[in-house]
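[1] Okay, predicted coordinates and the sequence, questions at the end:
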Amino acid sequence: MVYRCGKCGKVVENLQERGTLRCPFCGHKMIFKDRPKVVKKVKAR
């Protein structure tokens, strides 16, 4: 799973395997999951 730091913006991979929820570069706690670039189409009623 790929995550992005909320403070420095660097990409962090395999965060769950490390057992920590902090950015390894700056130590910030706000980590966001990167969303896929695929657009989901929904049919309107």
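    Done, it's in.

[2] Which helix or strand lies directly C-terminal to the lowest-mean-pLDDT helix or strand in the chain?
    The weakest-scoring helix or strand in the chain, judged by mean pLDDT, DSSP states H and E, is helix 15-18 (a mean of 67). Scanning forward in sequence from helix 15-18 by DSSP states H and E, the next helix or strand is strand 31-33.

[3] what's next to that following strand, contact-wise?
    The contact list for strand 31-33 (Cβ atoms under 8 Å, 6 or more residues apart in numbering) reads 1-6, 12, 15, 21-23. No exception for glycine: its C-beta is placed from N, CA and C like everyone else's.

[4] Mind doing that once more with 7 Å?
    If you take Cβ atoms under 7 Å, 6 or more residues apart in numbering as the criterion, strand 31-33 is touched by 1, 3-6, 12, 15, 21, 23.

[5] Note down every partner strand of that strand and its orientation.
    Applying DSSP bridges, strand 31-33 is found paired with strand 2-5 (antiparallel).

[6] Listing partners with orientation, what would you give for the helix or strand just after the strand it pairs with?
    Counting by DSSP H and E, the next helix or strand C-terminal to strand 2-5 is strand 11-13. The pairing partners recorded for strand 11-13 under DSSP bridges are strand 2-5 (antiparallel).

[7] So what's the gap between the strand it pairs with and the chain middle?
    Put simply, strand 2-5 sits 3 Å off its chain's centre (Cα atoms, centre = their mean, to the nearest Å).
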